[in-house]
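Enquirer: next come a sequence and a model predicted from it.
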Amino acid sequence: MINVSEEVKAKLNSDYCKKDFSLVINHSAVGVEGIYDSIKITQQIMSDRAEFIGCMSSSLEIKVSSGSISKSDYTGAPVSLTMRVYMDDGTMSEYIPLFSGYVDSCEKTADGKWQQFVCYDLLAYMGDKEIYNTYKKAFKEIGSPLTVSQLRTYIVEQGLKIQQQAVILPNDDVKIKKRLRRKNMTALELMKHICQANGVYGYINDAGAFAYKVLSSSGEITTIPYYRELTYSHSVINPIKKGMTFRTNNNDAGVHVDWSEYQKYVTADWDDSSTDHYIVDPDDEDVTESAYIIQGNYIAYKLNASKKKVMLANIMRSVGNNITFRTYRAKCNGLPYLECGDRIQFATDDGNFIGPFVITKRTLEGSQIMTDTYECEINTDYDVEDEAGTTTISTDGNYVSDISGSNLPPEVSDSAQVANILNDTEVMVVVSWDEATGILETTSKTIKLETDDTPAIEGT
């Protein structure tokens, strides 16, 4: 959530909120008196699978009057959009960032009066950026082993040349050696693995910095007092209810931690030569079937089993065992201070609340009359056609988070596209409410994707 005052939040939630916008294209301010209600911003951190990865591109569409902008080819030019609010006492609020990225296309409308801009954030342009040399350089300049925190900071700031959100991730202190030899490895690919190994969502925030969203069951829930439309499912999905597992591939039993034991795994030193400090369980090797499997992760590659268990426990402490997702779609006044990954609930006339819901996709539209649409769509259907093949549901109880590429919007040029995220199997705990009987029923469902694509790590 973007930090704004409670007064600004109340003003944005009200029926009338006059706004002022600042649009900058190619480092030059653009007169925005002619944009009217043409702003459309789409942001997303998750598709229809309840994974903790993110790294999906957001977009801005905006139509500017031809008289407000000079004639030029703006393709590839940097663009930023901010807004502020007129308060009741006549003062202006602080600027609220709406978008930061680059122009993908700019076309004149048929009547010649408007320029239609389509822009994407940096994630759409880092998919093709090979980062292996920067990865090697990090170990040379910082030293080996280095921490995950040092690696992600070096990749973002030295490799991508952008700012990074200041945050401490659950497994930032993990020490790793230079073990990957993926010479065609991209920045987006590596950052997705770093996010996956920490149970967080990676994204470019509205200020243009690489940021991390830690979704926690004990985190803040924002109450939205008014809404225009709300549809939602009573089915609730908890993808990590049965614990977590690291494994290399489908044939690897992996290492598992469940909720009855996760608190015992702690460590004092992540150095490979050190001894891990955790309470030994005599039944440690009796691994139960996992609910959430992290497969083929680069950060966990070649770490010993005890270290992987500590990493899993760190993620579980951060997230909590009551993280739930449910399908919904809500439309309300434009609330640009909310971000994807935030949890929200809606107030009812009788003083109760509907929710909580996770914002996994949002569409902010308009200008003076601005609306927000929040969504989360979790796939629990049978025999659903997917880009990776046909999905079917069984009852095996495994949810496999298996990264094999990025998930950029199809509008991005072919040179910036890489394959979608492919999951071998997904497992979800589904809680369903029977309206007739008022009984909650819990079931486990597994979605299996039929695909021959598997992530490859050279040298395994």
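Expert: Here it is on my side, so go on.
Enquirer: which elements pack onto the host helix or strand of His256?
Expert: Using DSSP states H and E, His256 sits in strand 255-257. Contacts defined by 3 or more CB pairs under 8 Å, 6 or more residues apart in numbering; DSSP states H and E place strand 255-257 against strand 244-247, helix 305-319. C-beta coordinates here come from the backbone N, C-alpha and C atoms, glycine included.
Enquirer: can you list the buried residues in the helix or strand that comes right after that strand?
Expert: Downstream of strand 255-257, the first helix or strand assigned by DSSP H and E is strand 292-295. Using 16 or more other CB atoms under 10 Å as the test for burial, strand 292-295 gives 292-295.
Enquirer: stretch 201-217 too?
Expert: Result for stretch 201-217 [16+ other CB under 10 Å]: buried residues 201-206, 208-215.
Enquirer: among the residues you listed, which pair sits farthest apart?
Expert: When CB to CB is used, the two most widely separated members of the buried residues of stretch 201-217 are Gly208 and Leu215, lying 22.1 Å apart.
Enquirer: quick check: the residue of the chain positioned farthest from its centre vs Val118, distance?
Expert: For the chain, the residue at maximal distance from the C-alpha centroid (CA atoms, centre = their mean) is Asp111, at 39.0 Å. Plainly put, Asp111 is 19 Å away from Val118 if you go by CB to CB, to the nearest Å.
Enquirer: swap in Asn13?
Expert: Asn13 is 30 Å from Val118, where distance means CB to CB.
Enquirer: what bridges to Phe357?
Expert: Assessed by DSSP bridges, Phe357 has beta-bridge partners Ile344.
Enquirer: report the longest strand in this protein, please.
Expert: Across the chain, the longest stretch assigned as strand under DSSP state E is strand 96-108.
Enquirer: each with direction, which strands does that strand pair with?
Expert: For strand 96-108, pairing defined by DSSP bridges yields strand 78-85 (antiparallel), strand 114-120 (antiparallel).
Enquirer: for that strand, which residues meet the burial criterion?
Expert: In strand 96-108, counting by 16+ other CB under 10 Å, buried: 96-104, 106.
Enquirer: now stretch 344-352
Expert: 344, 346.
Enquirer: can you report how many residues neighbour the closest residue to Ala197 other than its chain neighbours?
Expert: Leaving aside its chain neighbours, Ala197 sits nearest to Ile299 (3.9 Å; criterion: CB to CB, 6 or more residues apart in numbering). Close neighbours of Ile299, defined as other CB atoms under 10 Å, add up to 23.
Enquirer: go on, Ser70?
Expert: 10.
Enquirer: show me what contacts Val358?
Expert: 215, 325, 341-343, 376 (CB atoms under 8 Å, 6 or more residues apart in numbering).
Enquirer: format those residues as TSV; extra columns: pLDDT, secondary structure and distance to Pro225.
Expert: Output for these, formatted as TSV (pLDDT from 0 to 100; DSSP: H, G, I helix; E, B strand; the rest coil; distance: CB to CB, whole Å):
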residue	pLDDT	secondary structure	distance to Pro225
Leu215	88	coil	23
Phe325	83	strand	23
Gly341	91	coil	21
Asp342	93	coil	16
Arg343	93	strand	16
Cys376	91	strand	20
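Enquirer: which of those residues lies closest to Ser235?
Expert: Phe325 (9.6 Å).
Enquirer: any idea how far that closest one is from Met191?
Expert: 23 Å.
Enquirer: between these two, tell me which one has more neighbours.
Expert: Between Phe325 and Met191, counting by other CB under 10 Å, Met191 is the more crowded of the two (25 against 21).
Enquirer: was I right about the more buried one contacting Ile53?
Expert: No - using CB atoms under 8 Å, Met191 is not in contact with Ile53, being 9.6 Å away.
Enquirer: overlap in contacts, those two.
Expert: Contacts common to Met191 and Ile53, judged by CB under 8 Å, 6+ apart, are Gly202.
Enquirer: show me where pLDDT drops low in this structure?
Expert: Residues of the chain that meet the criterion pLDDT under 70 lie in 33-34, 36, 127, 268-291, 379-399, 404-460.
Enquirer: please redo it, this time with the cut-off set to 50
Expert: 274-290, 381-396, 405-460 (pLDDT under 50).
Enquirer: so where do the helices sit in it?
Expert: For the chain, the helices defined by DSSP state H occupy 6-13, 123-126, 132-142, 148-154, 187-196, 305-319.
Enquirer: could the ones you listed be laid out in TSV, adding distance to Arg84?
Expert: As requested, the helices of the chain are exported to TSV (distance: least, CB to CB, whole Å):
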stretch	distance to Arg84
helix 6-13	9
helix 123-126	26
helix 132-142	37
helix 148-154	31
helix 187-196	32
helix 305-319	34
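Enquirer: of those helices, which is nearest Thr223?
Expert: helix 6-13 (10.0 Å).
Enquirer: by contact count, what packs against the closest one?
Expert: strand 78-85.
Enquirer: for the strand it packs on, C-alpha coordinates in PDB please.
Expert: Only the C-alpha atoms of strand 78-85 are listed here, as PDB (Å, rounded to 0.1, in the frame of the first residue of the first chain):
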ATOM      1  CA  PRO A  78      10.400   6.800 -20.400                       C
ATOM      2  CA  VAL A  79       7.000   7.800 -19.100                       C
ATOM      3  CA  SER A  80       5.700   8.600 -15.600                       C
ATOM      4  CA  LEU A  81       2.200   9.600 -14.400                       C
ATOM      5  CA  THR A  82       1.400  11.000 -10.900                       C
ATOM      6  CA  MET A  83      -1.700  12.600  -9.400                       C
ATOM      7  CA  ARG A  84      -2.600  14.700  -6.400                       C
ATOM      8  CA  VAL A  85      -6.000  15.600  -4.800                       C
END
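Enquirer: ok now it, how far from the chain's centre?
Expert: Centroid displacement of strand 78-85 relative to its chain, using CA atoms, centre = their mean, to the nearest Å, is 22 Å.
Enquirer: so what touches stretch 31-42?
Expert: Here stretch 31-42 has contacts from 21-23, 58-65, 67-69, 81, 98-99, 114, 361-370, using CB under 8 Å, 6+ apart.
Enquirer: and that stretch, end to end?
Expert: Using CA to CA, to the nearest Å, the end-to-end distance of stretch 31-42 comes to 23 Å.
Enquirer: same question, stretch 320-337
Expert: 25 Å.
Enquirer: give the buried residues for that stretch.
Expert: 323-328, 330-337.
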